[in-house]
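>>> my questions concern the predicted model and sequence given below.
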Amino acid sequence: MDELNNIIQDFKSWESSELIIKFAQFILWLIIILLISWAIRNSINIKISDNTNRYRIKKLVRIGSYILIIFLILIMFTGSFQYLTVSIGLISAAIAFALQEVVLSIAGWFAIFGSNMYKPGDRIKINNIKGDVIDIGITKTTLMEIGDWVSSDNYNGRIVKISNSFVFKGAVHNYSTDFPFVWDEINLPIKYGSDITLANKIIQKTADTQLSKYANFAKEDWKLMVKKYLIEDANVASTLSLKLTDNWIEFNLRYVVDYKKRRLTQNAIFIEILDEITKTNGKVELASATFEVVGIPELNVDITNIQ
């Protein structure tokens with residue numbers, strides 16, 4: 001009986017020792033994987049100058065190291081490699097059932113990078129949230145939000161994390177990819193009686209001065225768009241049209257501008273036009289919806305017949 005107890009104790013001691021050895025081996029391999037991952041990511045910083053490619057490769061290296069660690073755990077603690085496929089199958093089924101949204105988000109991460117849907121630095125609108133992409137994680141995309149309570153295209157200071165699964169649930173608006181310009185319009189109301197020819201010259205000259213720096217770049221980028229997609233060869237030069245209304249003559253200036261400089265450019269155009277109109281000494285005047293009382297009709301009240 002004593003011999004049997006000794007055998008059992010020896011077996012437990014051996015089993016415990018084996019577990020300790022496995023755990024030590026696991027820690028050793030874990031350190032090796034993390035060191036290799038760190039070394040690769042550091043070399044990427046030195047050898048790859050393009051920010052977008054550097055970001056993507058570093059992300060892939062980090063994800064690859066996580067996958068290797070998972071495989072290491074399965075191999076070290078499932079007994080042998082022959083049970084690896086069975087373990088992976090069972091774990092995958094459990095994850096797919098319990099973490100459906102997470103799995104969809106991971107699939108969204110592959111879709112984002114695989115189809116070049118957007119990248120860090122792009123300005124996008126997704127799930128009715130607009131902002132600049134500052135990070136693309138395996139489950140969430142991080143945006144520096146634009147708008148909401150702040151007017152125009154300005155940051156509001158709020159950082160928003162959006163699940164990658166939304167790329168499958170709705171439209172993704174990208175203001176940066178392929179054609180980094182947007183069309184914008186300015187409407188100018190000019191009083192009837194103004195020198196329309198002079199007003200036209202002022203607005204057109206201002207457009208040429210403020211927008212010439214975008215026109216050539218936009219034209220080249222649009223040519224590439226026409227080659228890549230089934231899309232018409234649109235006019236990217238600024239255009240000026242005129243419309244008569246009940247109260248004034250409305251000039252509509254349409255132009256392309258850098259998607260990040262829309263408000264700045266609009267402000268510069270308004271300032272120059274107002275300055276040029278002031279120099280006309282009344283030949284050109286801006287109109288407004290303010291009503292002007294030009295006279296009061298004469299009233300004759302007969303009170304002799306009032307009882």
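Sure, I can see it. Residues are numbered from 1 along each chain as shown.

>>> C-alpha from now on. contacts and neighbour counts both.
Fine.

>>> show me where this protein has its strands.
Assigned by DSSP state E, the strands in the chain fall at 123-126, 129-136, 140-146, 155-163, 172-174, 181-190, 239-244, 249-258.

>>> can the ones you listed go into JSON lines with extra columns for mean pLDDT and mean neighbour count?
Shown next, in JSON lines, are the strands of the chain (pLDDT from 0 to 100; neighbours: other C-alpha atoms under 10 Å):
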{"stretch": "strand 123-126", "mean pLDDT": "90", "mean neighbour count": "21"}
{"stretch": "strand 129-136", "mean pLDDT": "90", "mean neighbour count": "20"}
{"stretch": "strand 140-146", "mean pLDDT": "91", "mean neighbour count": "22"}
{"stretch": "strand 155-163", "mean pLDDT": "89", "mean neighbour count": "16"}
{"stretch": "strand 172-174", "mean pLDDT": "90", "mean neighbour count": "17"}
{"stretch": "strand 181-190", "mean pLDDT": "90", "mean neighbour count": "17"}
{"stretch": "strand 239-244", "mean pLDDT": "90", "mean neighbour count": "13"}
{"stretch": "strand 249-258", "mean pLDDT": "91", "mean neighbour count": "21"}
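
>>> right, and those strands - which one's nearest residue 60?
Across the strands of the chain, residue 60 has its closest neighbour in strand 129-136 (11.6 Å, C-alpha to C-alpha).

>>> just name whatever secondary elements that closest one is in contact with.
strand 123-126, strand 140-146 (3 or more C-alpha pairs under 8 Å, 6 or more residues apart in numbering; DSSP states H and E).

>>> can you tell me what sits against that strand?
109, 119-125, 141-147, 155 (C-alpha atoms under 8 Å, 6 or more residues apart in numbering).

>>> residue contacts, residue 226?
232, 233.

>>> ok, it to residue 213 distance?
21 Å (C-alpha to C-alpha, to the nearest Å).

>>> mind listing the helices for the stretch 201-307 of the chain?
262-278 (DSSP state H, counting those that start in this stretch).

>>> so, low pLDDT: which residues of it?
290-297, 299-307 (pLDDT under 70).

>>> could you rerun that using 80?
213, 215-216, 227, 230-235, 289-307 (pLDDT under 80).

>>> before we move on, back to that, any idea which of the helices and strands packed on strand 129-136 gets closest to residue 233?
Among the helices and strands packed on strand 129-136, strand 123-126 sits nearest to residue 233 (C-alpha to C-alpha), with 24.1 Å.
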